[in-house]
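Peer 1: Quick one, what's the 3D model for this:
(one chain, ligands or ions: 2)
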Amino acid sequence: MNAPENIALQHGFAEQLPELARKASAAPVPAPQLIVLNEPLARELGLDVEWLRTEDGVLFLLGLNLPEGAMPVAQLYSGHQFGGYSPQLGDGRALLLGEVETPDGLRDIHLKGSGPTPFTRGGDGLAALGPMLREFLVSESMHALGIPTTRSLAVVATGTPVLREEGALPGAVLVRVASSHLRVGTFQYARASNQMRVLVKLSRYALERHHTEGLQADNPPLALFDHVVAAQARLVAQWLTVGFVHGVMNTDNMTISGETIDYGPCAFLDAYDPGSVFSSIDTGGRYAYGNQPQIAQWNLARFAEALLPIIADEEAEAVQAGSAVLEQFPAYFNEAWMGAMAAKLGISADLADLVDLVTTLHGLLEASRVDFTTFFRDLTRAARGDRSAVHATTHDVTALDQWLDRWMAHSPDADAMDAVNPVHVPRNHLLDEALRAATAGDLGPYEALLAAVRAPFTPIEGGERYAQPAPPGFAEGFQTFCGT
Ligand code: AMP
Ligand code: MG
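Peer 2: Numbering: from 1, shown residues only. Ligands and ions are numbered 1, 2, ... in the order given. So this is what the prediction gives:
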């Protein structure tokens, strides 16, 4: 086997935080087959695209042909899952292969579906092809939309059957790239380990990777907290502007980097409804579209609790300092959200006007169950003087016209709107169709949808189906499934 001599994998996490890592290795794979490779990302990482496509390259992507001295590990973390605390989760089916240096800083190379680890608990350590292709495509879409996210380098089918409720499914490994895999849950685990030393090291490591200026702050852990509060507030605001529902915002699925992570039962809104829930396991609607800002703040409170002992010696003082930062969340969120909504509407208005315009509009969209994505593209036509498309979306043309008149008074810039309102998002019906075909061996629909979401703002000649709402009936009751 031709070992990848030229891939300089670093092992900073494994070496500096051994308390949060356990050595593990990828399971053998009977019939590896490269299904999709992200060539632009491979180049960004300094990887040789041609070599990755060879037999040895594919084995590297599976963690089965690593450079000399490689130290793959499963990472430890805890997490609040649907509000309940699990003291020890950790990578049950994932491996951190190491980090690579890029012009933008270190990037983790990580595998999902690579076999059992010391933290596998009741699972099988495996992943099915459909959900891994799902993560690949949705993360590419988010990246193209300008939303911070982990990236996907490749999906490799393994030939190992994976048993799920539906029966035996083709197995696969996703190769994920992230600016780190530090989670709120990583800090929760470090805090619960009762070794202050680990918490201090972890906090310093997080600042080194994500906010080096914070190392010079009077109170570095508090600077880290503030940085993450701001980053997460901006992230959730961006999710809302494209109708994204993460679906499983547990604290182990919330990053310190501010990148979206762990695409399980996520979905994009069809008709606008803040109560939208797609995940089959979210029966209480905890992670509904409109709840996401509050949930992010709740998760950040858990992050603050984990950091308390290193924010100040006196608990009361630490609580006060942490709370003061956390209270900024609504301000960070509203600034990002209103800024993004002003951009979607192509206007600049003072804050009170903007809040009123946005609130009224959302009420109208909800009342008529208007398709969220197409509405904003139709609105650019209204900005150019043609209201027919937006009129067709509503039961109440009079109310919509009143709103349109108020909005037009701000002289919306239609070209600017076209640059920020997507035509293509991974609509649930399209993704469902593409994944069914891919699981049955036909990658055509998947590749076409991937190309569409990688160019989110550009309509495709003859590709109108990628821009249109779900056929009547599809969207009602559509469900996604978690972690499969
Ligand atoms: P998720 O919500 O999908 O990020 O997963 C929550 C936890 O369950 C993580 O610790 C995962 O590593 C673990 N997990 C999910 N699926 C499996 C599986 N098939 N085998 C082992 N562990 C799993
Ligand atoms: Mg997870």
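
Peer 1: Run through the residues that contact the residue of the stretch 251-400 of the chain found nearest ligand 1.
Peer 2: Closest residue of the stretch 251-400 of the chain to ligand 1, C-beta to the nearest ligand atom: Asp262 (4.3 Å). Yep, even glycine has a C-beta here, placed from its N, CA and C like the rest. Going by C-beta atoms under 8 Å, 6 or more residues apart in numbering, Asp262 touches 248, 253.

Peer 1: quick one: it from Asp91, how far?
Peer 2: Separation of Asp262 from Asp91 (C-beta to C-beta, to the nearest Å) stands at 11 Å.

Peer 1: on that earlier part again, for the residue of the stretch 251-400 of the chain closest to ligand 1, report the pLDDT, please.
Peer 2: On pLDDT, Asp262 comes in at 97.

Peer 1: Just want to check the distance between it and Asp350.
Peer 2: Distance from Asp262 to Asp350, by C-beta to C-beta: 38 Å.

Peer 1: and the nearest residue to Leu126 once chain neighbours are set aside, helix, strand or coil?
Peer 2: In this structure, Leu126 finds its nearest non-sequential neighbour in Val162, 4.7 Å apart by C-beta to C-beta, 6 or more residues apart in numbering. The three-state label given to Val162 by DSSP: H, G, I helix; E, B strand; the rest coil is strand.

Peer 1: what's the neighbour count on Val162?
Peer 2: Number of residues near Val162 (other C-beta atoms under 10 Å) recorded here: 21.

Peer 1: repeat for His429
Peer 2: 16.

Peer 1: Find the helix or strand that it is a member of.
Peer 2: Per DSSP states H and E, His429 falls inside helix 428-439.

Peer 1: Who are the packing partners of that helix?
Peer 2: Helices and strands touching helix 428-439, as assessed by 3 or more C-beta pairs under 8 Å, 6 or more residues apart in numbering; DSSP states H and E, comprise helix 129-144, helix 444-454.

Peer 1: Pull out the buried positions in that helix.
Peer 2: Going by neighbour count (16 or more other C-beta atoms under 10 Å), the buried part of helix 428-439 is 428-435, 438-439.

Peer 1: Show me the contact partners of that helix.
Peer 2: For helix 428-439, the external contacting residues (C-beta under 8 Å, 6+ apart) are 35, 128-130, 133-134, 137-138, 169-170, 267-268, 270, 278, 443-446, 448-449, 465-466, 470-471, 474-475, 478, 480.

Peer 1: What subset of the residues you listed is buried?
Peer 2: Burial by neighbour count, 16+ other C-beta under 10 Å: within the contacts of helix 428-439 this picks out 35, 128-130, 133-134, 137-138, 169-170, 267-268, 270, 278, 445-446, 449, 466, 470, 475, 480.

Peer 1: list the contacts for Pro330?
Peer 2: Counted by C-beta under 8 Å, 6+ apart, Pro330 has contacts 293, 297.

Peer 1: just to confirm, which helix or strand has it in it?
Peer 2: helix 329-345.

Peer 1: Show me what whatever helix or strand comes next after that helix is packed against.
Peer 2: Next helix or strand after helix 329-345 toward the C-terminus (DSSP H and E): helix 351-367. Packing partners of helix 351-367 (3+ C-beta pairs under 8 Å, 6+ apart): helix 329-345, helix 397-408.

Peer 1: now helix 351-367 against helix 397-408, angle please.
Peer 2: 150 degrees (axes from the mean of the first three to the mean of the last three C-alpha atoms, to 10 degrees).
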